[in-house]
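Engineer: quick one, fold the following:
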Amino acid sequence: MTDLPERSILVQQHLARAGVETQIRVLPDSARTARAAADAIGCDVAAIANSLVLKANSAPILVMTSGGHRVDLDVLARSIGAVDVSMAPPAVVREATGQAIGGVAPVGHPSPLRTFIDEALRDHDVIWAAAGHPHTVMPLTFETLQRLTDGTIVAVE
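Structural biologist: Numbers count the residues shown, from 1 in each chain. Just a heads-up that it's a prediction; the model follows:
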């Protein structure tokens, strides 16, 4: 664990407390986009679980979405019963997660975020999520992601 960035160590500790065994992988280059992560890992871009911090009715939420498509904010708002959904500014992302955009993990935040998971991620045996830093990723199953985050499965497009 000592070779991991500080925020990734926090993620690893959270995973261990939750009983999840996975290996956080340090990438040589930043994986701030789904395409960059998929290229570095050698997987389908749709198997990348993008972590998006959005604001729903002014409160931060986490949406784990497949890298294979874009979130339609109107569809998402209807799926989660929100009046308004918008992208959170970087300061809100950092405050809510303690992590930088491009490295937001599904866990390891100062407090749990209400989480929604793109139903399209179910199509993959292994999904890859950021692990607290733009250079770190981790493999998870859909079921593990849902259990870790207590996420609600929704349509995002």
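Engineer: V137 belongs to a strand, doesn't it?
Structural biologist: Yes. Under DSSP: H, G, I helix; E, B strand; the rest coil, V137 falls within a strand.
Engineer: now do the contacts for it.
Structural biologist: Contact partners of V137, counting by Cβ atoms under 8 Å, 6 or more residues apart in numbering, are I24, R25, L27, A31, A37, A40, I41, W128, A129, A130, A131. (Each C-beta comes from the backbone N, C-alpha and C, glycine too.)
Engineer: got it, and V53?
Structural biologist: P60, I61, L62, V63, A88, V92, V93, A96, T97, I101, V104, L113.
Engineer: for F142, give its distance to A105.
Structural biologist: 16 Å (Cβ to Cβ, to the nearest Å).
Engineer: could you check how far H14 is from P110?
Structural biologist: Taken as Cβ to Cβ, the span from H14 to P110 is 11 Å.
Engineer: if we can go back for a sec, neighbour count winner among F142 and A105?
Structural biologist: Per other Cβ atoms under 10 Å, whichever of F142 and A105 has more neighbours is A105, with 30 against 22.
Engineer: doesn't W128 make contact with the more buried one?
Structural biologist: No. A105 is beyond contact range of W128, at 11.4 Å (criterion: Cβ atoms under 8 Å).
Engineer: quick one: low-confidence ranges for this protein?
Structural biologist: The chain contains residues with pLDDT under 70 at 1-2.
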